[in-house]
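Visitor: sequence and computational prediction follow.
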Amino acid sequence: MDDLLREFLTETNESLDTVDIELVRFEQEPNNAKILDNIFRLVHTIKGTCGFLGLPRLEALAHAAETLMGKFRDGMPVTGEAVTLILSTIDRLKEVLGGLEQTEAEPEGEDKDLIGELERMAVEGTVPAAAAAAPEAPKPAKPSVNGTLVAQTLERALRPGRSRSTSSSARSARPPPRPRRRRKPKRRKPKLPKPRRPSPPAPSASRSSRRSRTSRIRRSRTSRSASTSRRSNP
């Protein structure tokens, strides 16, 4: 036997056993939506897997049962006859799975009687009026206005194609202006005084006296050299 087929048979038999138990609980608690959703999900998975593996008989049976349970989810009242019919469908699915396990092929057979009963019950089942469509709320009557008309003065001329009602409604529909946020005054940093450059120190008296002495010595040397040159050249 193919591994895929063996895995399908194991998982489908387990799912059908779970559906069988959940249907008994659902018959006792017909308003339990969690149980109904679980049954619907399992049958929907079986139908999709049968279609993938090319098992039309199993797929048709699962599809008919899924349709009836979909009516329950839409609000159709749950009856004992409907639950018994779905349980009969589960038993038929188990029989077909048993023949598939023995011959590795879907056994031949007709299920029109069971599928016809499922479809008939799904079509004839009625959905409560409250769940089908909620009654429309009565429209409020327009108040009658009696009295004299008061002439209205417009603040500005109307644009072409606009009426007084549209202009007034447009003004009323405008959102109120948002309050402006006050800006906080910026704090100015105090200006620091620029550092003054130190003035160069004045020449001391000792330096000036030294310079005057050196200049005198240079003069005396030049005068001596001149006198010696005169003596050597008569």
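Guide: Noted; the coordinates are in hand.
Visitor: where does pLDDT dip in the chain?
Guide: By pLDDT under 70, the weakly predicted segments of the chain are 1, 125-177, 179, 184-185, 189-193, 195, 198-212, 221, 223-234.
Visitor: helix/strand/coil for the spatially closest residue to Leu118 that is not a sequence neighbour?
Guide: Nearest non-adjacent residue to Leu118, counting by Cβ to Cβ, 6 or more residues apart in numbering: Ala64, 4.0 Å away. C-beta: built from backbone N, CA, C; applies to glycine. Here Ala64 takes the helix state, with states given by DSSP: H, G, I helix; E, B strand; the rest coil.
Visitor: how about Ala64, what does it touch?
Guide: Ala64 makes contact with 89, 114-115, 118-119, 122, according to Cβ atoms under 8 Å, 6 or more residues apart in numbering.
Visitor: what is the burial count for the residue lying closest to Gly80 once chain neighbours are set aside?
Guide: Spatial nearest neighbour of Gly80, chain neighbours left out: Glu27 (6.5 Å); criterion: Cβ to Cβ, 6+ apart. Number of residues near Glu27 (other Cβ atoms under 10 Å) recorded here: 17.
Visitor: against Ala122, how distant is Lys94?
Guide: Distance of Lys94 to Ala122, given as Cβ to Cβ, to the nearest Å: 22 Å.
Visitor: who has more neighbours, these two?
Guide: Ala122 (19 against 14).
Visitor: secondary structure element for the nearest residue to the more buried one once chain neighbours are set aside, which one?
Guide: In space, and not counting its chain neighbours, Ala122 is closest to Leu68: 4.7 Å by Cβ to Cβ, 6+ apart. Using DSSP states H and E, Leu68 sits within helix 56-74.
Visitor: and the helix or strand following that helix, what's buried?
Guide: Next helix or strand after helix 56-74 toward the C-terminus (DSSP H and E): helix 80-103. The neighbour-count check on helix 80-103 (16 or more other Cβ atoms under 10 Å) flags 82-83, 85-87, 89-90, 92-93, 96-97, 100 as buried.
Visitor: show me where the protein has helices.
Guide: Using DSSP state H, the helices of the chain run over residues 3-28, 33-53, 56-74, 80-103, 112-124, 129-132, 164-173, 205-232.
Visitor: most packed of these?
Guide: Scoring the helices of the chain by mean neighbour count under mean count of other Cβ atoms under 10 Å gives helix 56-74 as the most buried, with a mean of 20.
Visitor: that one vs helix 3-28, what angle?
Guide: Per axes from the mean of the first three to the mean of the last three Cα atoms, to 10 degrees, the angle that helix 56-74 makes with helix 3-28 is 30 degrees.
Visitor: for Asp113, see how far away Leu9 is.
Guide: Distance, Leu9 to Asp113, using Cβ to Cβ: 25 Å.
Visitor: what of Arg41?
Guide: 27 Å.
Visitor: could you do Gly48 as well?
Guide: 25 Å.
Visitor: repeat that for Glu119.
Guide: Taken as Cβ to Cβ, the span from Glu119 to Asp113 is 11 Å.
Visitor: got it, and Ala33?
Guide: 31 Å.
Visitor: related to what we said a few turns ago, nearest to Ile217, of the contacts of Ala64?
Guide: Proximity of the contacts of Ala64 to Ile217 (Cβ to Cβ) peaks at Ala122, which lies at 138.0 Å.
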